[in-house]
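S.K.: sequence isn't available, so here's the structure alone:
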């Protein structure tokens, strides 16, 4: 079985519009969570 780079796999999968939409929405949620965590660390 040949080795596949994750970036290549992801690029191919993201050609599916529904999967891309879900992936982008989840990415935004993750970015928001990380920003919130960083903001809380500043307050401590």
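M.R.: Nice, thanks for sending it over. Bear in mind the structure is a predicted one, so any value in this text is a computation, not a measurement.

S.K.: every contact and neighbour count from this point should use C-alpha atoms.
M.R.: Noted.

S.K.: what segments of the protein are helices?
M.R.: 6-13, 17-43 (DSSP state H).

S.K.: so can I have JSON lines of these showing mean pLDDT?
M.R.: Listed next are these as JSON lines, based on pLDDT from 0 to 100:
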{"stretch": "helix 6-13", "mean pLDDT": "96"}
{"stretch": "helix 17-43", "mean pLDDT": "96"}
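
S.K.: any idea which residue is closest to the centre of the chain?
M.R.: residue 27 (3.8 Å; Cα atoms, centre = their mean).

S.K.: how much space separates that one from residue 36?
M.R.: 14 Å (Cα to Cα, to the nearest Å).

S.K.: for residue 24, give its distance to residue 1.
M.R.: Distance from residue 24 to residue 1, by Cα to Cα: 30 Å.

S.K.: neighbour-wise, which of those two wins?
M.R.: More neighbours surround residue 24 than the other of residue 24 and residue 1, with 13 against 3 (other Cα atoms under 10 Å).

S.K.: quick check: that one vs residue 40, distance?
M.R.: 24 Å.

S.K.: for residue 1, same thing?
M.R.: For residue 1, the distance to residue 40 - Cα to Cα - is 46 Å.

S.K.: try residue 21
M.R.: On the measure of Cα to Cα, residue 21 and residue 40 end up 29 Å apart.

S.K.: and what of residue 5?
M.R.: With Cα to Cα as the criterion, residue 5 and residue 40 are 35 Å apart.

S.K.: residue 32: neighbouring residues, count only.
M.R.: There are 12 residues near residue 32, going by other Cα under 10 Å.

S.K.: ditto for residue 23
M.R.: 13.

S.K.: same check on residue 30?
M.R.: With other Cα under 10 Å as criterion, residue 30 counts 12.

S.K.: ok, the one 3 residues further on next?
M.R.: By other Cα under 10 Å, the residues close to residue 33 number 12.
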